[in-house]
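curious how this folds, go ahead:
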Amino acid sequence: MNINISNSSGEPIYIQISNQIKTLILEGKLKEGEALPSMRILATELRISFMTTKRAYEELERDGFIESYTGRGSFVKAQNLELYREEQIKRVESLLMEASDTAQKAGITIDELHEMLDLVNGGD
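You can find the predicted model right below:
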């Protein structure tokens with residue numbers, strides 16, 4: 001499994017791991033029932049603490065992406081894509097609220113925001 005950790009990212013390492021594994025699952029690169037590396041092996045490969053990988057796996061399990069069994073390991077769980085979509089909608093709404101607040105403080109109009117969003121999305 002190819003996971004890249006950035007120490008310069010403002011995001012905690014366990015979140016980086018969790019998000020990258022979620023992406024691999026949603027892109028179909030990790031299939032339902034497929035075993036994940038043990039927490040200890042992943043920690044060794046990434047040169048991070050075991051507790052960090054444990055926290056990432058706990059996050060994945062809490063969010064419904066994996067299931068873990070004592071003595072057997074952790075496995076990709078069947079996905080509820082609608083649940084993931086809802087999670088992403090909430091995240092985008094939060095980011096848009098932050099962008100809107102920043103724009104208001106800077107005197108940027110709603111039309112200018114729409115134009116920026118179109119540009120960001122590759123529109124003309």
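
now the lowest-mean-pLDDT helix or strand in the chain: buried residues?
When the helices and strands of the chain are scored by mean pLDDT, DSSP states H and E, helix 81-106 comes last with a mean of 87. Judged by neighbour count (16 or more other CB atoms under 10 Å), helix 81-106 contains these buried residues: residue 84. Quick note: C-beta positions are derived from backbone N, CA and C, even for glycine.

next helix or strand past that helix?
helix 110-120 (DSSP states H and E).

can I get the CA coordinates of that next one in PDB?
Extracted in PDB, the C-alpha atoms of helix 110-120 (Å, rounded to 0.1, in the frame of the first residue of the first chain):
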ATOM      1  CA  ILE A 110     -20.800  36.800  -4.700                       C
ATOM      2  CA  ASP A 111     -20.400  37.200  -8.400                       C
ATOM      3  CA  GLU A 112     -16.600  37.300  -8.000                       C
ATOM      4  CA  LEU A 113     -16.800  34.100  -5.800                       C
ATOM      5  CA  HIS A 114     -18.900  32.400  -8.500                       C
ATOM      6  CA  GLU A 115     -16.300  33.300 -11.100                       C
ATOM      7  CA  MET A 116     -13.500  32.000  -8.900                       C
ATOM      8  CA  LEU A 117     -15.300  28.700  -8.400                       C
ATOM      9  CA  ASP A 118     -15.800  28.400 -12.100                       C
ATOM     10  CA  LEU A 119     -12.100  29.000 -12.700                       C
ATOM     11  CA  VAL A 120     -11.100  26.500 -10.000                       C
END
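
which elements pack onto it?
With contacts taken as 3 or more CB pairs under 8 Å, 6 or more residues apart in numbering; DSSP states H and E, helix 110-120 sits against helix 81-106.

which strands and helices sit next to the helix it packs on?
helix 13-26, helix 110-120.

that helix to helix 110-120, inter-axis angle?
130 degrees (axes from the mean of the first three to the mean of the last three CA atoms, to 10 degrees).

the least confident helix or strand of the chain versus helix 13-26: what angle between them?
Using the same axes, to 10 degrees: helix 81-106 against helix 13-26 is 130 degrees.
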